[in-house]
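In: Got a sequence here, can you model it:
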Amino acid sequence: MPDTLDIFSDGSFDAKTLSGGWAFVVLEGDRQVYSASGFDKGPSNNAFEVLAAVKALSWLEIHANGRAAILHTDSNHVFEGCGRWRSIWRNNGWKRIYPNPRSRRRPIPDAKLWQQLDALLENNPRVVVELCKGHSGVEGNDQADILARGAARIGSLGG
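Out: Numbering: from 1, shown residues only. Sure, this is the predicted structure:
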């Protein structure tokens, strides 16, 4: 699809400093049209993977609203969360519900980020989330990985 943007998102995390980086790269065909990265404090690598997807789709909403895009992620957490779990979590009030009726409803880790990602995906139904293999020579993914690691390194040094 020639009108489709390819967006690669990635997160990186340093458990010692509880900080990490996020990044995304936007490609139109073979041409890079945008990239961004940043760092923050956070609880886990998964949080930064979700944050990277949120940042990427926020950019899409502002700069290419309604345009078809493929969000490539090397995070199974993001891929499964977007494709399988977010509608269930939304319907359960952003809580996990287990088959055992006596078990407590547990909050979804990073529920606020998932709610943002859910809203962004709902606002643009032309976005497809695909899983790509990390560290496998996929140019956009490799570039996002380099940016996220660099941002995490800056964050771990105290910014």
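
In: Please, which helix or strand holds the residue nearest the centre of the chain?
Out: Geometric centre of the chain, nearest residue: residue 53, 2.4 Å, by C-alpha atoms, centre = their mean. For residue 53, the host element (DSSP states H and E) is helix 45-63.

In: Please identify the buried residues of that helix?
Out: Burial within helix 45-63, assessed by neighbour count using 16 or more other C-beta atoms under 10 Å, is assigned to 45-57, 59-61. Placement of C-beta: from N, CA and C, glycine included.

In: With stretch 134-151 instead?
Out: 138, 140, 141, 142, 143, 144, 145, 146, 147, 148, 149, 151.

In: ok, which pair from those is furthest apart?
Out: 138 and 151 (19.5 Å; C-beta to C-beta).

In: burial of residue 17, as a residue count?
Out: Per other C-beta atoms under 10 Å, the neighbour tally for residue 17 reads 13.

In: Kindly list the main-chain dihedrals of it?
Out: The phi/psi pair for residue 17 (degrees, to the nearest 10) reads phi -100, psi 0.

In: who's in contact with it?
Out: By C-beta atoms under 8 Å, 6 or more residues apart in numbering, the contact list for residue 17 reads 155, 156.

In: switch the cut-off to 6 Å
Out: residue 156 (C-beta atoms under 6 Å, 6 or more residues apart in numbering).

In: ok so, going back, pLDDT at the residue nearest to the centre of the chain, what is it?
Out: With respect to pLDDT, residue 53 has a value of 98.

In: so what's it closest to, chain neighbours aside?
Out: Spatially, and ignoring its direct neighbours in sequence, residue 53 is nearest to residue 9 (4.8 Å; C-beta to C-beta, 6 or more residues apart in numbering).

In: in its sheet, what does whatever helix or strand the one you found lives in sit against?
Out: Using DSSP H and E, residue 9 maps to strand 5-14. Counting by DSSP bridges, the strands paired with strand 5-14 are strand 19-28 (antiparallel), strand 69-73 (parallel).

In: what helices or strands is the next helix or strand after the last one leaning on?
Out: Spelled out, it's strand 69-73. Sequence-wise, the next helix or strand downstream of strand 69-73 (DSSP H and E) is helix 76-80. Using 3 or more C-beta pairs under 6 Å, 6 or more residues apart in numbering; DSSP states H and E as the contact test, the elements touching helix 76-80 are helix 45-63.
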